[in-house]
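Asker: with the input below, show me the fold.
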Amino acid sequence: MGWDDLRYFTAVARCGGLSGAARDLGMSAQTVGRRIAALEADVGVPLFVRHPSGYRLTNDGRTMLVDAEAVEEAMARLRTNAISRTDQLAGLVRLAAPETLSTQILLPGLRPLLDRYPLLTLDVVTGIAPIGIARGEADIALRLVRPDRGALTVRQVGRMAHALYAASDGDVDRDHARLVGWSEAYDLPAARWLRQIAGRKPDILINGLAGQYAAIRAGIGIGVLPCFLADGLTRLETPPAPIEPLWLVAHDTDTISDRTKLVYDAIVEIIETSMPRLLAC
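Answerer: Next comes the predicted model:
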């Protein structure tokens, strides 16, 4: 029995089932179920009673949970103490994220961390195209589309609201106004929604939100933008727009370097703190 076994066990105990634990762990429910069965075989006693409504701890399971939480707290102290012993944490962390989220949300929020660790180097790769964590192209990635393959830790850390915008609140002939948006090569929820409500493809294709914002603001056309980017524009009434999940992707957070874990944890906190801004329309 190792620390990974206890992580699976505590996740199922706290979530009351496989589905919730799988979301927290970034794994499939089937994988979590196999690991729990293997752990029970290893310790020789059932730890959960399976019910249609979820997993309930047995008496042995409740006893193990107390011990597992003590181990979890000890591991957290070890990590905190190791980090606190050196404010000279150094090295490179490569972060891939959409450009506007990087410039508007992440980089301003990362300043306190970078001020504390002046020897930490941050390499930020911006864009929508997926960056391969497994191929070593980045250490952490913030994505708008959840990866569907790879042995990675995938965590939903927030959400981002969208709306349809125009340059002014004057009369807008939506049937004939130019549409500003992504090409079909970018299969994003916001891009699909624009094609759905308009019944046609965009007329002006721009592969970046900064460019789309500039085109809409210049009156070239109307388009969908994240609400937090739409300063100075007028929101048009539409059916409910998509709220895109934000996925943070990395290797197993128990095996990545301390410097990568620091940046990972900082991004989680930054996104959580920024949720009122990211959802305000």
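Asker: and the closest residue to residue 275 other than its chain neighbours, what helix or strand is that in?
Answerer: Distance criterion C-beta to C-beta, 6 or more residues apart in numbering; nearest residue to residue 275, sequence neighbours excluded, is residue 158 at 5.6 Å. C-beta coordinates here come from the backbone N, C-alpha and C atoms, glycine included. Using DSSP states H and E, residue 158 falls within strand 153-166.
Asker: what strands flank the very next helix or strand once past that strand, and is each parallel or antiparallel?
Answerer: Proceeding N to C from strand 153-166, the next assigned helix or strand is strand 179-181, under DSSP H and E. Strand 179-181 sits in its sheet next to strand 204-205 (parallel), strand 222-226 (parallel), going by DSSP bridges.
Asker: of the ones you listed, which is nearest residue 136?
Answerer: Proximity of the strands paired with strand 179-181 to residue 136 was assessed by C-beta to C-beta; the nearest stretch is strand 222-226, lying at 29.6 Å.
Asker: helices or strands next to the following helix or strand past that closest one in the packing?
Answerer: Sequence order places strand 234-236 as the next helix or strand after strand 222-226, per DSSP H and E. In terms of contact count using 3 or more C-beta pairs under 8 Å, 6 or more residues apart in numbering; DSSP states H and E, strand 234-236 is assigned the packing partners strand 153-166.
Asker: need the longest helix for the chain.
Answerer: Determined from DSSP state H, the single longest helix within the chain is helix 59-84.
Asker: from the middle of its chain, how far away would it be?
Answerer: 26 Å (C-alpha atoms, centre = their mean, to the nearest Å).
Asker: coming back round to it: and the residue nearest to residue 275, what are its bridge partners?
Answerer: Counting by DSSP bridges, residue 158 is bridged to residue 246.
Asker: about what we covered before: and the angle for the strand holding residue 158 with strand 222-226?
Answerer: Using axes from the mean of the first three to the mean of the last three C-alpha atoms, to 10 degrees, the inter-axis angle of strand 153-166 relative to strand 222-226 is 150 degrees.
Asker: can you give me the buried ones in strand 153-166?
Answerer: Along strand 153-166, the positions that meet the burial threshold by neighbour count (16 or more other C-beta atoms under 10 Å) are 153-155, 157-158, 160-166.
Asker: how about stretch 24-35?
Answerer: By neighbour count, with 16+ other C-beta under 10 Å as the criterion, the buried positions of stretch 24-35 are 24-27, 29, 32-33, 35.
Asker: dump those residues to a markdown table, plus secondary structure.
Answerer: As requested, the buried residues of stretch 24-35 are exported to a markdown table (DSSP: H, G, I helix; E, B strand; the rest coil):
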| residue | secondary structure |
| --- | --- |
| 24 | helix |
| 25 | helix |
| 26 | coil |
| 27 | coil |
| 29 | helix |
| 32 | helix |
| 33 | helix |
| 35 | helix |
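Asker: summarise which helices and strands the lowest-mean-pLDDT helix or strand in the chain is packed against.
Answerer: Within the chain, confidence by mean pLDDT, DSSP states H and E is lowest for helix 59-84 among all helices and strands, at a mean of 80. Other elements packing on helix 59-84 under the criterion 3+ C-beta pairs under 8 Å, 6+ apart are helix 3-15, helix 258-273.
Asker: can you flag the weakest of those helices by average pLDDT?
Answerer: For the helices and strands packed on helix 59-84, mean pLDDT drops lowest on helix 3-15, to a mean of 87.
Asker: ok, the closest residue to residue 24 other than its chain neighbours - how many residues close by?
Answerer: Taking C-beta to C-beta, 6+ apart as the measure, residue 24 lies nearest to residue 11, with 5.3 Å between them; neighbours along the chain are not counted. Other residues near residue 11 come to 21 when the count uses other C-beta atoms under 10 Å.
Asker: residue 11 and residue 194, how far apart?
Answerer: With distances defined as C-beta to C-beta, to the nearest Å, the gap from residue 11 to residue 194 amounts to 38 Å.
Asker: got any ranges where the stretch 151-281 of the chain has weak pLDDT?
Answerer: Residues of the stretch 151-281 of the chain meeting the criterion pLDDT under 70: 151, 169-171, 253.
Asker: how about the helices and strands packed on helix 59-84 in a markdown table, adding distance to residue 58?
Answerer: A markdown table is the format used below for the helices and strands packed on helix 59-84 (distance: least, C-beta to C-beta, whole Å):
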| stretch | distance to residue 58 |
| --- | --- |
| helix 3-15 | 11 |
| helix 258-273 | 33 |
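Asker: pretty sure the residue nearest to residue 275 contacts residue 273?
Answerer: No. The pair residue 158 and residue 273 does not pass the contact test of C-beta atoms under 8 Å, sitting 9.6 Å apart.
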